[in-house]
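Engineer: how does the following fold in three dimensions:
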Amino acid sequence: MTYKKDHLLAGSAKSDSDVTCKDSDGEVNNYIQNSWDRCRDRYKIDPNSDIELVNLSDSEVRQKREPLEKLLADSAGVFDKIRAVSKNSGYTVLLTNTEGLVVKSFCDSGVSHELESRGLRQGSLWAESLIGTNGLGTCLTEAVPVTVYAEEHYGSALQNFSCSAAPLIDPAGNPFGALDVSTFATGNRLGQALALNLVCETADEIETLIFREAYENQRIISMSTSTMLAPTTALVAVNECDTIIAATTPLLLAMGCSDRYQLVGKKFCDTFELTFEQLESTVIVEHSIRIGNFRKKFFATLIPPVNKTAKISKAHMLKLDVAKKHTKTADPECCPLQAAAGKDSGLLRQAARCARIVDKGISILLEGQTGTGKEVWARALHNSSSRRDKPFVTLNCAAIPESLIESELFGYSAGTFTGGLKSGKVGKIQASNGGTLFLDEIGDMPLELQARLLRVLAEKEIIPLGEVNPLKINLNVICATHRDLKEFVGQGDFREDLYYRISGFRIHLPSLSQREDKPHIINKVLTELCREESDADNVFLANDAMAQLSQYSWPGNIRQLKNVLQFALCMREEDMIRLVDLPEEVFAEERLAPVTETPHDDAVSNYPPSRLVSISHQDSAGLSEKEELEQVLEQHRWVVTRAAKALGVSRSTLHRKIKKHGLLVEGQEPEAVNE
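Structural biologist: Numbers count the residues shown, from 1 in each chain. Next comes the predicted model:
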C-alpha cells in the first residue's frame, strides 16, 4: 500500500498515486483518496484537530432504530453467524442507519468492551461529514464496501482502528444503512480482506431476505455459477409481463452492470436468453449468457414464493398462478387502488376518481400525516396505470442531505466532481424514464431545486450535472407531503407555480384514527404480517383485543399499527392474539377504574393486563392465594410495584397480603420489599 499522509495534511497538489490502497488482489482503490479530498475541500475538517464522536441518547437511538426493528428480527439468524465469526476474530459488529448512527452493536469478542469505551458502540454517529474518513461514514458516502485501516482514517483519534463496512441495500437499490466489523489495527491492511468479505457476504444475505419478501408475489430467479450454490443471493424479480422489475446487487455484479437500470425495465427472456417454460420444466437450468464479448455459464433456478414450501410441485404452482389470475379479474379487492382504499367510503370515492385520471397526464399530490400509507397509494397509482411494467422510482426529499438532492435527482457525468463515482451516476428522474417518479416529502425540497424541477416538468428533459446536452424524458411524477404546502407558499418556502404544477389532483389520506374501516385495516395488516411468519397462517384477534385496537388513537398511523401487531404476534401463545398480548402503548390513553379496598389505598396506575399474571392464572388453577401471590412475586423478582400492577391492586394492598401470608424476603420488613 502506498500512502503519503504528509501530502494530505499539507493539502498540496497530488496525483492518484499519492493515496492509493490495494486490496488482496492488488486492485487499486481510490475511495480513501476521494474521502480525504471531501474532508479537506467539502467538509473543511482540520486533520490535526481533535475529532470527537457525537453520541445520541438511548431514546433518540430507539426512535432512529424503529424502521430497522423488523430487519433485525428477520435477520437474526444472519447476524448470529457474523457475531460468531467476529467473536472468535476479535471484532465488534455495528449496524447503522443512513445517517451513520449506530442503532445496534454486538460486542461479543474479548476486545469489544475496550472498543466500546473508545466509541465503537450503539448511539455513536459516524457520518463522514462530521468525523472524516472512517469505515461506516465512507461506506455510506461511496455506497460501496470499504476497509479503512489505521492511518487511512482522517482524524488521528481513529487511527488505532481497522473498520470494514458494506452498504445495506433495499429492494429499490437504495442504501438504507451499513454493516461494519471493527477492531484494533494490527499487522497490515491486506489481512483485513477476510473482514471485508465477511461483511459483504452478510450484507448480501440481508439484501436477499428483504428482496424476497418485497417481491414474494413475483417470479424470482436465482443465478449461480454452480449447481451446488443454487439458489444464491444473485436474484432477479420478474412480473407477469416478463419485465424485470428488480435485481440484487450480487446479480448486477455478475452481469457487469454498473447501474440497476441497465436491467430493470427490460424483458427477462431477451436479456437472459431464457424462457419461463425452460425454468418451469426442471429444477435447475444450465445455460450461458453473453456478458460483453464473452459467454458465461450460469445455473438458473425459479424460486417458489417465500411462504410456500419447496415441496410444492411446479405443476401445482402453475395451477395456483392460474387461479390467482382468475381471482384478480373477479375480485374488486385485487384492483390496486381499491385495495389501497380498503373499506373507507371516502377513499373508495378517491380510488374511483384516480382510476379515471391515472393515465390522463394529470399531476397527483398525496397529502396526509406520516405513516398514513402515501407510498402505498403512489404504488397503487403506478400499478393501475399503463406504466405498470416500467420502473417505480422513489426519492424521499427529507431523507437526503440538501447538498446531494440535486445529484440524486439529475445524476452526473464521469469526473463531474471530486469524490463522485468514476462512471458517473444515473439520476432518479432518468431512472424513472417511462415509469413513475415518486417524490416523497416534496415540501422539504430546497427552493433553488424547486425551480429546476419545475423546468423539468415543463420541458420534459433534464441535463445531468457535468453535461451540456439535454436528455428527453418520458416523465410521470407523483408527489407526497405531510406539510401544508399552501401555508408554505404563503411563507415563501415553496414555489407557487410548482405547487399548482404538482397538485392537479389532490388526495388527502386520513389518519388511521379517522378511517371508517379500522377493523378491516387491522385485519388486513395482520394478514400481511402473518404471510411473513411460517407459524402464523391462521392467527386472528380476540374480540376484546380488536376492540382495544379499534378505539386507540394511533398517533403513528399504519406504521405504528404494524409494529404493534408484530409485537403481538411474538407474544401470542396460540393462534389467537389476546388482550394480554398487546403492548402497553395501546392502553396508554384509557383510565382504568382504581381498585381501592380502603380510602387510603394507592390508586392503580393505568397498565395493560399482565401476560405473566395471565399465564400464572392459567397454569395455577386451584392454587391458594398464598401460592399464587408467591408465584407472581417470583415472576416479577419481588419488585412489589410491578407485581401490584400485574395483579391490578395497589402496593399497600399487596404489602398487607405479603405480611398476611408470611411471604417476606428473609431479613426484610414489609416496607423494605423492593419498590
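Engineer: once you drop chain neighbours, what's closest to Leu136?
Structural biologist: Leaving aside its chain neighbours, Leu136 sits nearest to Trp126 (4.0 Å; criterion: Cβ to Cβ, 6 or more residues apart in numbering). All C-beta spots, glycine's among them, are computed from the backbone N, C-alpha and C.
Engineer: distance of Leu654 from Pro391?
Structural biologist: 62 Å (Cβ to Cβ, to the nearest Å).
Engineer: ok, now how distant is the residue nearest to Leu136 from Glu207?
Structural biologist: With distances taken as Cβ to Cβ, Trp126 is found 21 Å from Glu207.
Engineer: compare neighbour counts for those two and give me the winner.
Structural biologist: Trp126 (29 against 23; other Cβ atoms under 10 Å).
Engineer: determine the longest helix present in the protein.
Structural biologist: helix 193-214 (DSSP state H).
Engineer: may I see the buried residues of that helix?
Structural biologist: 195-196, 198-212 (16 or more other Cβ atoms under 10 Å).
Engineer: over to stretch 268-281?
Structural biologist: For stretch 268-281, by 16+ other Cβ under 10 Å, it's 268, 272, 274, 279.
Engineer: and that stretch, end to end?
Structural biologist: With Cα to Cα, to the nearest Å as the measure, stretch 268-281 spans 17 Å from end to end.
Engineer: and stretch 38-46, by the same measure?
Structural biologist: End-to-end distance for stretch 38-46: 12 Å, by Cα to Cα.
Engineer: distance of the nearest residue to Leu541 once chain neighbours are set aside from Asn563?
Structural biologist: Distances taken as Cβ to Cβ, 6+ apart put Ile577 closest to Leu541, at 5.0 Å, once the chain neighbours are dropped. Note on Ile577: its distance to Asn563, by Cβ to Cβ, is 14 Å.
Engineer: which one of these two is surrounded by more residues?
Structural biologist: Counted by other Cβ under 10 Å, Ile577 and Asn563 do not tie: Ile577 has more neighbours, with 24 against 17.
Engineer: related to what we said a few turns ago, the residue nearest to Leu541 contacts Asn538, correct?
Structural biologist: No: between Ile577 and Asn538 there is no contact, the gap being 11.6 Å when judged by Cβ atoms under 8 Å.
Engineer: where do the helices sit along the stretch 351-500 of the chain?
Structural biologist: 374-383, 402-410, 428-431, 447-459, 485-491, 496-502 (DSSP state H, counting those that start in this stretch).
Engineer: ok, and for the fourth one, which residues are buried?
Structural biologist: Along helix 447-459, the positions that meet the burial threshold by neighbour count (16+ other Cβ under 10 Å) are 450, 452-454, 456.
Engineer: and which of the residues you listed is nearest to Asn469?
Structural biologist: Of all the buried residues of helix 447-459, Asn469 sits closest to Val456, with 14.9 Å by Cβ to Cβ.
Engineer: pretty sure that closest one is touching Ile462, no?
Structural biologist: Yes: when contacts are counted by Cβ under 8 Å, Val456 is listed as touching Ile462 (5.5 Å).
Engineer: between the two, what contacts are shared?
Structural biologist: Here Val456 and Ile462 have 429, 473 as joint contacts, going by Cβ atoms under 8 Å, 6 or more residues apart in numbering.
Engineer: could you list which residues are in contact with the residue nearest to Leu541?
Structural biologist: 526, 539-542, 545, 565, 568-569, 571.
Engineer: and those residues, which are buried?
Structural biologist: Listed as buried from the contacts of Ile577 are 526, 539, 541, 545, 565, 568-569; burial here means 16+ other Cβ under 10 Å.
Engineer: how many neighbours does the spatially closest residue to Asn239 that is not a sequence neighbour have?
Structural biologist: In space, and not counting its chain neighbours, Asn239 is closest to Ile245: 5.2 Å by Cβ to Cβ, 6+ apart. Other residues lying near Ile245 total 23 when counted by other Cβ under 10 Å.
Engineer: in terms of pLDDT, where does Ile245 sit?
Structural biologist: Listed pLDDT for Ile245 reads 90.
Engineer: make sure it is indeed in a strand.
Structural biologist: Yes: under DSSP: H, G, I helix; E, B strand; the rest coil, Ile245 sits within a strand.
Engineer: please report how far it lies from Asp389.
Structural biologist: As defined by Cβ to Cβ, Ile245 lies at a distance of 8 Å from Asp389.
Engineer: overlap of the contact sets of the two?
Structural biologist: Residues touching both Ile245 and Asp389 (Cβ under 8 Å, 6+ apart) are Asn239.
Engineer: can you list the low-confidence ranges for the stretch 351-500 of the chain?
Structural biologist: Low-confidence segments of the stretch 351-500 of the chain (pLDDT under 70): 417-420, 422-423.
Engineer: and the helices in the stretch 51-200 of the chain?
Structural biologist: 58-65, 69-74, 76-89, 112-117, 128-131, 135-142, 193-214.
Engineer: contacts for the last one, please.
Structural biologist: It stands for helix 193-214. By Cβ under 8 Å, 6+ apart, helix 193-214 touches 23-24, 71, 74-75, 78-79, 81-82, 85-86, 89, 91, 145-147, 162, 164-171, 179-181, 183, 220, 233, 235, 237, 246, 248-250, 303, 306, 532.
Engineer: off-centre distance for stretch 127-146?
Structural biologist: Averaging C-alpha positions (Cα atoms, centre = their mean, to the nearest Å) puts stretch 127-146 19 Å from its chain's average.
Engineer: let me see the mean pLDDT of it.
Structural biologist: On average, stretch 127-146 scores 94.
Engineer: then that stretch to CSV, C-alphas only?
Structural biologist: Provided in CSV are the C-alpha atoms of stretch 127-146 (Å, rounded to 0.1, in the frame of the first residue of the first chain):
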residue,chain,number,x,y,z
ALA,A,127,-21.1,10.4,9.4
GLU,A,128,-18.1,11.2,7.2
SER,A,129,-19.0,14.9,7.1
LEU,A,130,-18.6,15.0,11.0
ILE,A,131,-15.6,12.9,11.8
GLY,A,132,-13.8,12.4,8.5
THR,A,133,-12.8,9.3,6.7
ASN,A,134,-14.0,6.1,8.5
GLY,A,135,-15.4,2.7,7.6
LEU,A,136,-19.1,3.4,8.2
GLY,A,137,-19.2,7.0,7.0
THR,A,138,-17.1,6.5,3.9
CYS,A,139,-19.1,3.3,3.0
LEU,A,140,-22.4,5.2,3.2
THR,A,141,-21.0,8.1,1.2
GLU,A,142,-19.4,6.0,-1.5
ALA,A,143,-22.2,3.4,-1.4
VAL,A,144,-19.6,0.6,-1.8
PRO,A,145,-17.9,-1.8,0.6
VAL,A,146,-14.7,-0.3,2.1
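Engineer: cool, thanks, signing off.
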